[in-house]
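Chemist: just need the structure, nothing else, for what follows:
(one chain, ligands or ions: 4)
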Amino acid sequence: MVSEEVMAMVEAGKMLPLMEEFYTIQGEGFHKGTAAYFIRVGGCDVGCHWCDVKESWDANIHPPTHVDEIVQNAAKYSDTIVVTGGEPLTWDMAPLTSGLKSRNLQTHIETSGAYDLTGEWDWICLSPKKNKLPVQEIYPLAHELKVIVYNKHDFIFAEEQAAKVSKDCILYLQPEWSVRDKMIPMIVDYVMKDPKWKVSLQTHKYLNIP
Ligand SMILES: C[S@@+](CC[C@H](N)C(=O)[O-])C[C@H]1O[C@@H](n2cnc3c(N)ncnc32)[C@H](O)[C@@H]1O
Ligand SMILES: Nc1nc2[nH]cc(C(=O)O)c2c(=O)[nH]1
Ligand code: SF4
Ligand SMILES: [Mg+2]
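Modeler: Ligands and ions are numbered 1, 2, ... in the order given. Here you go, the predicted model:
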């Protein structure tokens with residue numbers, strides 16, 4: 001049981017249910033190959049059946065942690081901080097990013113965009129999900145669109161989503177990990193036919209790093 005005081009702090013984004021934090025190499029998308037410190041915030045009710053971090057979904061099992069403490073720790077490791085989850089936009093990200101920005105850190109977010117965008121971000125990776133679509137406001141702000149391809153219909157979904165982002169947004173198709181052997185050849189063909197798309201792989205899984 002958490003106290004009402006802690007609940008109010010979480011509500012205000014001054015504390016966040018912290019699942020894990022780790023220094024690694026960004027494995028996916030535009031910044032792949034670049035060292036970054038990851039902050040994984042618990043809580044998500046989007047419910048992707050193939051989600052590779054289902055342990056993150058239940059916010060109650062992750063300890064509410066002061067954002068000041070998260071920031072102080074993150075600053076020791078990297079000047080690029082990736083906030084992921086769970087779905088980080090479940091929570092008000094403003095206190096966390098203002099702390100990170102006050103230390104001149106680069107703020108990146110991995111999000112489904114299913115909830116209102118909060119926080120100040122240098123890089124927004126939008127990975128839309130069919131079962132809970134992004135809010136309209138996030139599309140023009142996304143720097144990269146990363147659509148997970150689990151089956152053929154996901155190419156149609158990817159085109160629908162690409163029609164909503166800005167012309168400068170970088171477009172990625174990323175195979176869902178468990179079906180990668182089947183989907184990679186289809187993604188390769190697709191990208192060669194329509195080179196506005198690029199391939200994104202979960203390279204950290206090939207490198208055996210977090
Ligand atoms: C675990 S999610 C957390 C952030 C946010 N909830 C989201 O979905 O964008 C981080 C990234 O991993 C992707 N992802 C999750 N499970 C995956 C899987 N099985 N295969 C490929 N990508 C996956 C998501 O689409 C997202 O881009
Ligand atoms: N190395 C590494 N890169 C990543 N890029 C996005 C990730 C995520 O889970 O949000 C992730 C992750 O979990 N590990
Ligand atoms: S939105 Fe992200 S964290 Fe939530 S279930 Fe889907 S992939 Fe997992
Ligand atoms: Mg991951």
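Chemist: what element comes up after the lengthiest helix in the chain heading to the C-terminus?
Modeler: Secondary structure assigned by DSSP state H gives helix 180-193 as the longest helix of the chain. Next in sequence after helix 180-193, counting helices and strands by DSSP states H and E, comes strand 197-199.
Chemist: so how far is that following strand from its chain's centroid?
Modeler: Taking the mean C-alpha point of strand 197-199 and that of its whole chain, the gap between them comes to 18 Å (CA atoms, centre = their mean, to the nearest Å).
Chemist: pull the contacting residues for the closest residue to K14 other than its chain neighbours.
Modeler: With sequence-adjacent residues excluded and distances taken as CB to CB, 6 or more residues apart in numbering, K14 is closest to P95, at 5.1 Å. Where you see a C-beta, it was placed from the backbone N, CA and C, and this is true even at glycine. With contacts taken as CB atoms under 8 Å, 6 or more residues apart in numbering, P95 has the following neighbours: A12, G13, K14, V67.
Chemist: please report phi then psi for K54.
Modeler: phi -60, psi -20 (degrees, to the nearest 10).
Chemist: so how far is C48 from it?
Modeler: Computed as CB to CB, to the nearest Å, the K54 to C48 distance reads 9 Å.
Chemist: the two - which one has more neighbours?
Modeler: Legend: neighbour count by other CB atoms under 10 Å for K54 and C48, higher for C48 (19 against 12).
Chemist: how about that one, nearest residue that isn't a chain neighbour?
Modeler: For C48, the nearest residue in space outside its immediate sequence neighbours is K129; the separation is 5.7 Å by CB to CB, 6+ apart.
Chemist: likewise for K198?
Modeler: Once flanking residues are discounted, K198 sits nearest to Y172: 5.3 Å by CB to CB, 6+ apart.
Chemist: and the strand or helix carrying the one you found with helix 180-193, angle?
Modeler: For Y172, the element it lies in under DSSP H and E is strand 170-175. Orientation check (axes from the mean of the first three to the mean of the last three CA atoms, to 10 degrees): strand 170-175 against helix 180-193 gives 150 degrees.
Chemist: near ligand 1 at all, strand 170-175?
Modeler: Yes: under the criterion of CB under 6 Å from any ligand atom, ligand 1 is reached by strand 170-175 at Q174.
Chemist: and that strand, what does it pack against?
Modeler: strand 144-149, helix 153-162, helix 180-193, strand 197-199 (3 or more CB pairs under 8 Å, 6 or more residues apart in numbering; DSSP states H and E).
Chemist: no more questions from me, cheers.
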